[in-house]
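S.K.: The following block contains a protein sequence and its predicted model.
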Amino acid sequence: MGFFKKVASFLSATPTDMETLGLYVRCDKCGEALRTHIHLRHDLSPIYDEGGQGVTYFVRKTLVGSKRCFQPIEVELTFDANRKVIAREITGGQFITEEEYEAEA
Ligand SMILES: [Zn+2]
């Protein structure tokens, strides 16, 4: 019993910061701040270069506000081989910081 409890708490203590990337955006149309998470292990699609040497990752997310309007905000992120963001694009909104998001939540 105690053993399983320990395992469970160990699993839940896995550092999620390594696994997910918080994404914070503001809707261009109504100004609503939105948040989503990218799962770095599951959401990324690998893109291999022509020589098969390097790899980058790509993910596309669509966020839709719920409070004032339903405009889709499309986000595209490109990651390097270490899953660090190297390029990002957004349509229908703007990127904001976690602090800006929290200030409004
Ligand atoms: Zn909106």
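M.R.: That came through, no problem.
S.K.: Packing partners of the strand ranked longest in the chain?
M.R.: If you go by DSSP state E, the chain has its longest strand at strand 55-64. On a contact count with 3 or more Cβ pairs under 8 Å, 6 or more residues apart in numbering; DSSP states H and E, strand 55-64 meets strand 20-27, strand 33-39, strand 45-48, strand 72-79. C-betas here are computed from N, CA, C, even on glycine.
S.K.: just for this protein, where's the confidence low?
M.R.: Applying pLDDT under 70 to the chain flags the ranges 1-18.
S.K.: Contact residues of it facing the ion?
M.R.: Cys27, Lys29, Cys30, Glu32, Gly65, Cys69, Gln71 (Cβ under 5 Å from the ion).
S.K.: In PyMOL, how would I select the buried members of these?
M.R.: To isolate the buried members of the residues of the chain next to the ion in PyMOL, using 16 or more other Cβ atoms under 10 Å:
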select buried, resi 27+32+65
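S.K.: Which member of the residues of the chain next to the ion is positioned nearest Ala105?
M.R.: Within those, proximity to Ala105 (Cβ to Cβ) peaks at Glu32, which comes in at 10.7 Å.
S.K.: Cool, thanks, signing off.
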